[in-house]
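Q: show me the folded form of this:
(one chain, ligands or ions: 1)
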Amino acid sequence: MNFEEVFEAKLAKNEFIEPKDWMPDNYRKHLIRQISQHAHSEVVGMLPEGNWISRAPSLRAKLVLLAKVQDEGGHGLYLYTAAETLGISRDEMIDALLTGKAKYSSIFNYPTLTWADVGAIGWLVDGAAIMNQVMLQRTSYGPYSRAMVRICKEESFHQRQGYEIMTHLSFGTPEQKEMAQDAMNRWWFPTLMMFGPPDVESPNSDNALKWRIKRESNDQLRQRFVNQTVIQAEYLGLTIPDPKLKWNESKKGYDYGDPDWSEFKNVIKGNGICNKQRLADRNKAHREGEWVRAAAAAYADKQKHVQAA
Ligand code: FAQ
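A: Modelled structure (predicted):
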């Protein structure tokens, strides 16, 4: 068998492709694109919630949120490391993020106006992220799959954290319930956009499915997310802001209205409400972290000399 046949045979047998295996150039490029975007999303995703650490309503809420935001940073690191095994350097990826060349999830370009938004992010945004990432645990690239297994464990806790906040607010005072509903109204459609454009308009899906990078399409995952979330919203007594939402017995799932795809395109072009602020904040954090990177590099260098002596 030639290299390509070995690669195809591994995919057919559901075996992982590992860093030293031969792989088509486009498979490598596709993975670098997806994994690095995913890593950037985790890191930029720290910003909207990080905004609330100093304003959390109790010490417990603050500790839990602090731990969650820290987890997201860790997820970014696992993912950058997985992408590095494909031959791109961390510096190249970070540079692409900081200069605005790289994409990251559209969802993090929306503002967090109230504490209920922290609940909505955990419940809806992490809920959508998990829906996608559970599938990615079975992606064909070994290092990406293994990163996903660890990430999914933590994301489940994040989803519970968000749902707990929404439960407190929804069963609290009328003002708290209103806050929860307002957050639901603002986050529902942007969350549906996280799954990417409809399948018929998704240029990367054919290759992703052929190479088993993605196991399910954008629309399949979006549908599953809607089906799962409706019942959770009902329990909270919150209304999903979609007049088209309706149970469809024949497909055993909900029909739902489309997000505004022109808004999505605008956000991923860099023109969302918070795109500029997010990039400015990431650049500031990167500059301010320079001394930490320098100290870590100097320590690693010193250790090498100690070992060599
Ligand atoms: N935002 O052909 P497709 C999280 C782009 S993690 C921005 O369908 P694909 C944790 C796409 O890149 C959330 N851009 O692309 C957390 C492509 O552009 P390109 C992130 C988007 O790759 C929670 C173009 O549109 N999760 O939230 C988006 O097959 C709470 C055409 O799209 C992942 O990254 C979007 N929503 O499918 C952290 C999971 N959708 O690159 C903090 C891994 C599409 O050709 C707090 N990624 N685009 O220039 C994936 O599964 C896929 O990459 C999709 C997109 C599903 C995102």
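Q: where do the helices sit along the stretch 151-300 of the chain?
A: 174-193, 205-210, 218-236, 261-266, 275-288, 290-308 (DSSP state H, counting those that start in this stretch).
Q: distance of Q37 from D258?
A: 23 Å (C-beta to C-beta, to the nearest Å). Any C-beta I mention is one placed from the backbone N, CA and C, and that applies to glycine too.
Q: to clarify, my last question referred to A298.
A: 53 Å.
Q: could you say which of the helices of the stretch 151-300 of the chain is packed most deeply?
A: helix 174-193 (a mean of 19; mean count of other C-beta atoms under 10 Å).
Q: report all helices and strands that that helix contacts.
A: The contact analysis (3 or more C-beta pairs under 8 Å, 6 or more residues apart in numbering; DSSP states H and E) places helix 174-193 against helix 115-120, helix 126-136, helix 142-170, helix 218-236, helix 261-266.
Q: just the C-alphas of the second one, formatted as PDB.
A: Looking back up the chat, that one is helix 126-136. The C-alpha coordinates for helix 126-136 follow below in PDB (Å, rounded to 0.1, in the frame of the first residue of the first chain):
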ATOM      1  CA  ASP A 126     -20.900  25.700  27.000                       C
ATOM      2  CA  GLY A 127     -23.900  23.500  26.200                       C
ATOM      3  CA  ALA A 128     -23.400  24.100  22.500                       C
ATOM      4  CA  ALA A 129     -19.600  23.700  22.900                       C
ATOM      5  CA  ILE A 130     -20.000  20.300  24.500                       C
ATOM      6  CA  MET A 131     -22.500  19.200  21.800                       C
ATOM      7  CA  ASN A 132     -19.700  19.800  19.300                       C
ATOM      8  CA  GLN A 133     -16.800  18.600  21.400                       C
ATOM      9  CA  VAL A 134     -18.400  15.300  22.400                       C
ATOM     10  CA  MET A 135     -18.300  14.500  18.700                       C
ATOM     11  CA  LEU A 136     -14.700  15.700  18.400                       C
END
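Q: that helix and the ligand, any residue contact?
A: Yes. Under the criterion of C-beta under 6 Å from any ligand atom, helix 126-136 makes contact with the ligand via D126, A129, N132.
Q: which parts of that helix are buried?
A: For helix 126-136, a neighbour-count test (16 or more other C-beta atoms under 10 Å) marks D126, G127, A128, A129, I130, M131, N132, Q133, V134, M135, L136 as buried.
Q: same check, this time on the longest one
A: Buried residues in helix 142-170, defined by neighbour count with 16+ other C-beta under 10 Å: 142-145, 147-148, 151-152, 154-155, 158-159, 161-163, 165-170.
Q: tilt between that helix and helix 218-236?
A: Relative orientation of helix 142-170 versus helix 218-236 (axes from the mean of the first three to the mean of the last three C-alpha atoms, to 10 degrees): 30 degrees.
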